[in-house]
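Asker: Pasting the sequence and the predicted model now:
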Amino acid sequence: MAKGIFTAIGTLIIVVLILYLAYVVTKYIGRGVGIKTRSGCMRITDQIALGRDRAAAIVQIGTRFFLVGITASQISLLSEVDEEDLIPFEEPGDLGKAYPDFKDLMDKIGRGMKKNGH
């Protein structure tokens with residue numbers, strides 16, 4: 001009986017040790033393979049999803065801007081864009097105003113149901 005308990009505890013210690021070593025190794029390997037996410041002369045200034053695994057992005061390289069198409073398998077240059085053509089559609093503070101407030105919408109539906117006698 002005691003032999004079975006020691007075997008179970010030993011197996012548990014080995015499993016925990018293997019999981020810890022796997023964590024350390026993947027963290028170490030992940031650092032070396034990581035993609036550089038910051039650049040001194042290039043950045044994505046705007047991006048929009050066009051579907052699953054598809055997007056369009058404005059990439060700034062120095063003082064020039066490029067429209068690129070991005071898919072899961074490739075990135076394509078679509079055109080160069082002049083800086084004066086880059087006009088924001090809305091102010092960042094107006095993002096929440098594009099959709100009605102949920103409470104207001106439910107109140108409106110409730111009033112409509114009361115009017116119809118439901």
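Answerer: Sure thing, it's come through. Numbering: from 1, shown residues only.

Asker: For the residue sitting nearest the centre point of the chain, give the beta-bridge partners.
Answerer: The centroid of the chain falls nearest to Ala49 when counting by Cα atoms, centre = their mean (10.5 Å). As for beta bridges, Ala49 partners with Ala55 under DSSP bridges.

Asker: Am I right that it is in contact with Ala57?
Answerer: No: in this structure, Ala49 is not within contact of Ala57 by Cβ atoms under 8 Å, at 10.1 Å. For glycine as for every other residue, the C-beta is placed from the backbone atoms N, C-alpha and C.

Asker: From the chain's centroid, how far away is the longest helix belonging to the chain?
Answerer: Longest helix of the chain, by residue count under DSSP state H: helix 2-33. Here helix 2-33 is found 31 Å from its chain centre; the criterion is Cα atoms, centre = their mean, to the nearest Å.

Asker: okay, now the domains of this protein?
Answerer: Using automatic domain parsing, the domain ranges for the chain come out as 1-34, 40-118.

Asker: pLDDT below threshold where in the protein?
Answerer: Low-confidence segments of the chain, defined by pLDDT under 70: 30-38, 90-100, 114-118.

Asker: Distance check, Phe6 against Leu19.
Answerer: Using Cβ to Cβ, to the nearest Å, one gets 21 Å for the distance from Phe6 to Leu19.

Asker: Could you do Met1 as well?
Answerer: Taken as Cβ to Cβ, the span from Met1 to Leu19 is 28 Å.

Asker: Could you check which of those two has the larger neighbour count?
Answerer: Leu19 (10 against 4; other Cβ atoms under 10 Å).

Asker: Over to Ile58. Which of the three states is it?
Answerer: Under DSSP: H, G, I helix; E, B strand; the rest coil, Ile58 falls in the strand class.

Asker: Okay then, goodbye and thanks.
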